[in-house]
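Trainee: sequence first, then the predicted structure, then my questions.
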Amino acid sequence: MKWFIRSFILLYLICCGFIGHAQAENKKFGNLEDITARHQVDILIVHGAVITMDCNKSIYPDGYVIITDSVITDVGAYSKAIELVKAKQRIDATGKLVIPGLINTHTHAAMTLFRGLADDLELNDWLQNYIWPAEAKFINPKTVRLGTELAISEMLLSGTTTFNDMYFFEDIVAQTAKAMGIRVMVGECLLNFPTPNCKTPEEGLKYTEELIQKWKDDPLVSVAVAPHTPYTCSAALLKSARALADKYGVMYHIHLVETAKEVDDCRKRHKMTPVEYLRNLEILNERTIAAHCVHLTSRDISILAERKVKIAHNPGSNLKLASGIAPIMDMLNKGLCIGLGTDGAASNNDLNMFEEIDLTAKIHKVTNLDPTAVNAYSVLRMATIDAANVLGLGHLIGSLEKGKMADICLIDGRKFHLVPLYNPISQLVYAADGSDVSDVLVNGRIVVRNGHILTLNKEDLIKKVQLLADKIRNNRRIEQGAALDTK
C-alpha cells in the first residue's frame, strides 16, 4: 500500500511539473485569448494577405500578425476577436501582401560607392584594373560607413531585412547596420595580400576574432569568417579561417567557382577542381556558405551535398559579368540549401532582391527548357526561409511564425501591375518589384513606413555620396590621362 501511495504521489508531481512547464511555454507567447486579455501588444498588423512561408505553406488571405518585444506572438486568419487586441500601434494592411523580410545571402554593401564605375568587363579585368585600385585609394572607415548607409537604405526600401556582407572595415558595417535597424552577418574579407583594413592575413584573422567577440549575442549582428576565394587565399589562410570559424561555431563565407577560369587555373595548379581542393583541405561543412557555384561538375555537386554546404546564388551578377548560370536544378535535386544574393552593387548594379527572385525563376526555366523548373514557391523560399537556413538563422527568421523575430515586409498590391490577384506567390515572384514595398519591420521595429525610410536622412546621404563620387570620378580622369601620356 505504501508503494502505491508513493508511486501515486511521484506520478502526480511529474504531471504537475509537465503541466507547469507547458503552461510556462504557452505563457511565453500565449494564444489569442491570452494576448487579448493579458496585456497590450506592441504592433498589430491586420487585413493583409499574410504569406507565412512556414512548413505548412500557410497563407491567410485576410490575416493578422501580432508583435510584442520584437517577436511574433501570433499570426493567423482575421476574426472579430482580433478587434479586442490592445496594440500600441496598428497597421492596416488592406490591399497589401505581408511576407517575411527578404534575405540577401551574399553582398558587398559599401561597393555601392562604385556602382557604374566600370561596366561591361570580364571579372578579372573588372577586379584587377578598376575595383581593386579604386578600393586601395578610396576605401576607409568613413567611406565604408557612407557606402553601407547607401546600401542599407536601398535594401530596406526594397524589402530586404537581413544581408550577409563580405568587405572591409566590417565593424563599421556592423555599427551602421545596427544604427539603421537592419539585421546583418558581417565578414571581414581575408586575402593573402594587403587590404584597405589589414596589412597581413594574420591581422585579418585577429580582426575577425575581435569582431566575433565584440558582437556575440547581439540581437541584430552576427559574424562570419570570410576568406575571399581559394585562389586569393593560401591553403594556410583557408585552413586558419576554418579553424577560427570552428572555434566559435560561426559561418564560413567564401566565393567559390564563380568563373571557368577559376576552375581551369585550379586544375593546372592542384590537379583538381576548387570544390575538390577545399574538400581535401577539410574546409567544407554545414557551416560553409559558398557564393556563386557556377561552374560545378556533377562530382562537385555531390561533394557539396555530402558536406551540406549552403549555396548563395547570385544570378544578376553572374549574368552581367557573363560568368555563367549556376546549375541550380542539379543542386536542388541533390538536396542542397540555396539562398539568393545580389552580390555587390558594382557588379549588378542594384541590391533589389525582387530582381534576383524574378531572374532565378526565369533563367532556370530556359536553361533547362522546362517551364516547370524552379517554381515560384521554391524561388520565394530561396529569398526567405531557405536564405535564413543558408545563414544558419532559420530558427530566428525567414518565416512568419509564432516565436520568430518580427522581420516583416509589406507590399502594396494596389498597383496596376499587381492586379488582379489570383495567386499571391506567383504575383510576388513574377510581377512584384522592390518599389512596391510600403512598410518594413526588423526585429519588431518599423524602419520603413509608407515607402519612406525612418532611420536616415535621404537628402543628406545622397549629397555626401555625390561629393565622394566626384572625387572618384576626377581621380579616374587623372589616371586615364596619365595612361594616355605614356602611350
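Mentor: Arrived safely.
Trainee: right, and residue 356 touches residue 316 too?
Mentor: Yes. In this structure residue 356 lies within contact range of residue 316 using Cβ atoms under 8 Å: 5.6 Å. All C-beta atoms are positioned from the backbone trio N, CA, C, and that covers glycine.
Trainee: higher neighbour count, the two?
Mentor: More neighbours surround residue 356 than the other of residue 356 and residue 316, with 28 against 24 (other Cβ atoms under 10 Å).
Trainee: and the pLDDT for the more buried one?
Mentor: Reading off the confidence values, residue 356 has pLDDT 98.
Trainee: surely it is in a strand?
Mentor: No. Under DSSP: H, G, I helix; E, B strand; the rest coil, residue 356 sits outside any strand and is assigned helix.
Trainee: where's it relative to residue 298, distance?
Mentor: Applying Cβ to Cβ, to the nearest Å, the value for residue 356 to residue 298 is 25 Å.
Trainee: any residues in contact with both of residue 356 and residue 316?
Mentor: Shared contacts of residue 356 and residue 316 (Cβ atoms under 8 Å, 6 or more residues apart in numbering): residue 342.
Trainee: sec struct for residue 65, please.
Mentor: Taking three-state DSSP, the label given to residue 65 is strand.
Trainee: what's across from it in the sheet?
Mentor: For residue 65, the beta-bridge partners are residue 45, residue 75 (DSSP bridges).
Trainee: residue contacts, it?
Mentor: For residue 65, the contact set (Cβ under 8 Å, 6+ apart) comprises 43-45, 48, 50, 72, 74-75, 98, 400, 406, 408.
Trainee: if you set the cut-off to 7 Å instead, what comes out?
Mentor: 45, 50, 72, 75, 98, 400, 408 (Cβ atoms under 7 Å, 6 or more residues apart in numbering).
Trainee: looking at those, which one is closest to residue 442?
Mentor: Taking Cβ to Cβ as the measure, residue 442 lies nearest residue 408 of the contacts of residue 65, at 8.3 Å.
Trainee: quickly find the element holding the closest residue in space to the closest one that isn't next to it in sequence.
Mentor: Distances taken as Cβ to Cβ, 6 or more residues apart in numbering place residue 441 nearest to residue 408, at 4.4 Å, with adjacent residues excluded. Assigned by DSSP states H and E, residue 441 falls within strand 437-442.
Trainee: any regions of this protein where pLDDT drops low?
Mentor: Residue ranges of the chain with pLDDT under 70: 1-39, 477-487.
Trainee: could you list the domains of it?
Mentor: Under automatic domain parsing, the residue ranges defining each domain of the chain are 1-30, 102-408.
Trainee: looking at those domains, which is nearest to residue 55?
Mentor: For these, proximity to residue 55 was assessed by Cβ to Cβ; domain 102-408 is nearest, at 8.1 Å.
Trainee: quick one: end-to-end length of the closest one, please.
Mentor: For domain 102-408, the first-to-last residue distance is 8 Å (Cα to Cα, to the nearest Å).
Trainee: got it, and stretch 116-131?
Mentor: End-to-end for stretch 116-131, by Cα to Cα: 11 Å.
Trainee: and the contacts of that stretch?
Mentor: With contact meaning Cβ under 7 Å, 6+ apart, stretch 116-131 is reached by 114, 134, 258-259, 261, 321, 323, 346, 349, 472.
Trainee: one more pass at 8 Å, please.
Mentor: Under Cβ under 8 Å, 6+ apart, the answer for stretch 116-131 is 111, 114, 134, 258-259, 261, 320-323, 346-347, 349, 472, 476.
Trainee: over to stretch 193-200?
Mentor: So stretch 193-200 is contacted by 135-136, 139-140, 168-169, 188-190, 204, 207, 232 (Cβ under 8 Å, 6+ apart).
Trainee: let's have those in TSV, adding neighbour count.
Mentor: Shown next, in TSV, are the contacts of stretch 193-200 (neighbours: other Cβ atoms under 10 Å):
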residue	neighbour count
135	22
136	11
139	22
140	14
168	23
169	25
188	29
189	25
190	27
204	28
207	18
232	15
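Trainee: what about those residues, which are in helices?
Mentor: The helices, defined by DSSP state H, take in 135-136, 204, 207 from the contacts of stretch 193-200.
Trainee: can you tell me what sits against stretch 226-246?
Mentor: So stretch 226-246 is contacted by 166, 187-193, 201, 205, 208-209, 212, 224-225, 251-256, 258, 262, 265-266, 274, 277-278, 281-283, 287 (Cβ under 8 Å, 6+ apart).
Trainee: just the buried residues of these.
Mentor: Applying 16 or more other Cβ atoms under 10 Å to those, the neighbour count classes 166, 187-192, 201, 205, 208-209, 212, 224-225, 251-256, 258, 262, 266, 274, 277-278, 283, 287 as buried.
Trainee: which residues in the stretch 151-300 of the chain form strands?
Mentor: 160-167, 183-190, 221-223, 226-227, 252-256, 288-292 (DSSP state E, counting those that start in this stretch).
Trainee: how far off centre is the second one?
Mentor: Here the centre of mass of C-alpha atoms in strand 183-190, compared against the chain's by Cα atoms, centre = their mean, to the nearest Å, lies 11 Å away.
Trainee: send me it as PDB with only the CA atoms.
Mentor: This file holds the C-alpha atoms of strand 183-190, laid out as PDB (Å, rounded to 0.1, in the frame of the first residue of the first chain):
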ATOM      1  CA  ARG A 183      19.900  42.500 -39.500                       C
ATOM      2  CA  VAL A 184      23.400  41.700 -40.700                       C
ATOM      3  CA  MET A 185      26.000  39.000 -40.900                       C
ATOM      4  CA  VAL A 186      29.400  40.600 -41.300                       C
ATOM      5  CA  GLY A 187      32.600  39.000 -42.500                       C
ATOM      6  CA  GLU A 188      36.000  40.800 -42.900                       C
ATOM      7  CA  CYS A 189      37.300  39.900 -46.300                       C
ATOM      8  CA  LEU A 190      40.500  37.800 -45.800                       C
END
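Trainee: quickly run through the sheet partners of that strand, with directions.
Mentor: Here strand 183-190 is paired, per DSSP bridges, with strand 160-167 (parallel), strand 221-223 (parallel), strand 226-227 (parallel).
Trainee: closest one to residue 308 among those strands?
Mentor: Ranking the strands paired with strand 183-190 by proximity to residue 308 (Cβ to Cβ) places strand 160-167 first, at 17.6 Å.
Trainee: angle of that closest one against strand 288-292?
Mentor: 90 degrees (axes from the mean of the first three to the mean of the last three Cα atoms, to 10 degrees).
Trainee: would you mark the buried spots in strand 160-167?
Mentor: 160-167.
Trainee: let's have the residues you listed in CSV, adding distance to residue 218.
Mentor: Below are the buried residues of strand 160-167 laid out as CSV (distance: Cβ to Cβ, whole Å):
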residue, distance to residue 218
160, 19
161, 16
162, 13
163, 15
164, 15
165, 15
166, 18
167, 19
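Trainee: break down the stretch 1-150 of the chain into its strands, ranges please.
Mentor: 41-51, 59-68, 71-77, 87-92, 96-100, 102-107.
Trainee: and the fourth one, C-alpha only, in CSV?
Mentor: Coordinates of the C-alpha atoms in strand 87-92 are reproduced here as CSV (Å, rounded to 0.1, in the frame of the first residue of the first chain):
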residue,chain,number,x,y,z
ALA,A,87,-1.9,47.5,-29.6
LYS,A,88,0.4,50.4,-29.2
GLN,A,89,0.5,50.6,-33.0
ARG,A,90,-1.9,49.2,-35.5
ILE,A,91,-1.1,48.8,-39.2
ASP,A,92,-4.0,48.4,-41.6
